[in-house]
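[1] Coordinates only, no sequence provided:
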């Protein structure tokens, strides 16, 4: 067969270019009419979240971006935001944490498409706590009790009503504010009731011991190497007097300049005690010569 002439080869070359162009045109036409999946809606699960009853309680939300057909759009991210950060916070992966009582709207968005769910935080009364849980009070003296309501995670709840009652008013009385007054030597259980209009009442009890009131004054005698008695008790605001008839020089040192009686070998010296507590003292001249003052 004779070789192809120049005109024939040129025609075949042009035909090849035409075919390539046609294929390219078809491909370009296909891309322009199928831009890929479009987010038409977002679904959030659960759609109606349960109420969060404790501060610190968490709830996981799951948001999915979907096409109009309902099919999930692969790779479409969803961001979250809360309308009330003082009520709930939300992490980038949809974990809600309760931080305060109230209602918040949590919104998931992908581009311009959004969906929202309401979230309610209401602390539920789980228990009552009374403080101190036990205590001592002298006849005629008072001791203040406090009662608080807490949620299941131990967070205090505000706005609750409280009441107090003593099971032995002959020994200790208690008023509506929780102030206990010692009446006579003995014991009493004071029950605090914390009430919620939504959750009912919870109770807690404080054990109270009533003793004689300590004296307003006390005397300590200084011997050659001893304080007698070694321990003495007085009331708040009371005075202790140290009497030295031994002829031996002593001082009385509580460890501060204000609470220090300089060396004396006769006569008496006194100190007043304005606050409750246990106060230890010693003589700097004689090792092992110590004493204690209990103020209540």
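    Cool, got the structure. In this text, all values refer to a predicted model and were calculated from it rather than measured experimentally.
[2] Assess the claim that residue 225 and residue 291 are in contact.
    No. Checked against CB atoms under 8 Å, the pair residue 225 and residue 291 is beyond contact range at 11.9 Å. (Each C-beta comes from the backbone N, C-alpha and C, glycine too.)
[3] what do the two both touch?
    Between them, residue 225 and residue 291 share no contacting residue under CB atoms under 8 Å, 6 or more residues apart in numbering.
[4] Among these two, which residue is more densely surrounded?
    More neighbours surround residue 291 than the other of residue 225 and residue 291, with 22 against 14 (other CB atoms under 10 Å).
[5] quick one, what contacts that one?
    220, 227, 229, 230, 231, 232, 252, 280, 281, 282.
[6] same check, this time on residue 116
    For residue 116, the contact set (CB under 8 Å, 6+ apart) comprises 44, 105, 106, 107, 108.
[7] now residue 202, what's its secondary structure?
    strand (DSSP: H, G, I helix; E, B strand; the rest coil).
[8] Now do the phi/psi pair for the nearest residue to it once chain neighbours are set aside.
    Ranked by CB to CB, 6 or more residues apart in numbering and with sequence neighbours excluded, the top spatial neighbour of residue 202 is residue 128, at 4.0 Å. The phi/psi pair for residue 128 (degrees, to the nearest 10) reads phi -110, psi 150.
[9] okay, now residue 128: neighbour count?
    There are 22 residues near residue 128, going by other CB under 10 Å.
[10] I figured it was touching residue 204, is that so?
    Yes. Using CB under 8 Å, residue 128 is in contact with residue 204, at 4.2 Å.
[11] what do these two both touch?
    The contact lists of residue 128 and residue 204 share 147, 192, 194, where a contact means CB under 8 Å, 6+ apart.
[12] ok, so of these, who is nearest residue 79?
    The nearest member of the shared contacts of residue 128 and residue 204 to residue 79, counting by CB to CB, is residue 194 at 41.2 Å.
[13] Quick one: classify the closest one as helix, strand or coil.
    Under three-state DSSP, residue 194 falls in the strand class.
[14] what would the contacts of residue 291 look like in JSON lines with neighbour count?
    Shown next, in JSON lines, are the contacts of residue 291 (neighbours: other CB atoms under 10 Å):
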{"residue": "220", "neighbour count": "21"}
{"residue": "227", "neighbour count": "21"}
{"residue": "229", "neighbour count": "13"}
{"residue": "230", "neighbour count": "11"}
{"residue": "231", "neighbour count": "13"}
{"residue": "232", "neighbour count": "20"}
{"residue": "252", "neighbour count": "24"}
{"residue": "280", "neighbour count": "12"}
{"residue": "281", "neighbour count": "22"}
{"residue": "282", "neighbour count": "18"}
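[15] which one of those residues is nearest residue 213?
    When these are compared for distance to residue 213 (CB to CB), residue 232 wins out at 14.7 Å.
[16] hey, what's the closest one bridged with?
    residue 293 (DSSP bridges).
[17] Is it correct that it is in contact with residue 293?
    Yes. Using CB under 8 Å, residue 232 is in contact with residue 293, at 5.7 Å.
[18] any shared contact partners between those two?
    Common contact partners of residue 232 and residue 293 (CB under 8 Å, 6+ apart): 218, 240.
[19] List the buried residues for the helix or strand hosting residue 206?
    Element membership for residue 206 (DSSP states H and E) is strand 200-211. Residues 202, 204, 206, 208, 210 are the ones in strand 200-211 that count as buried (16 or more other CB atoms under 10 Å).
[20] Could you report the distance from the second one to residue 133?
    By that I understand residue 204. 8 Å (CB to CB, to the nearest Å).
[21] With the fourth one instead?
    From residue 208 across to residue 133, the span is 10 Å (CB to CB).
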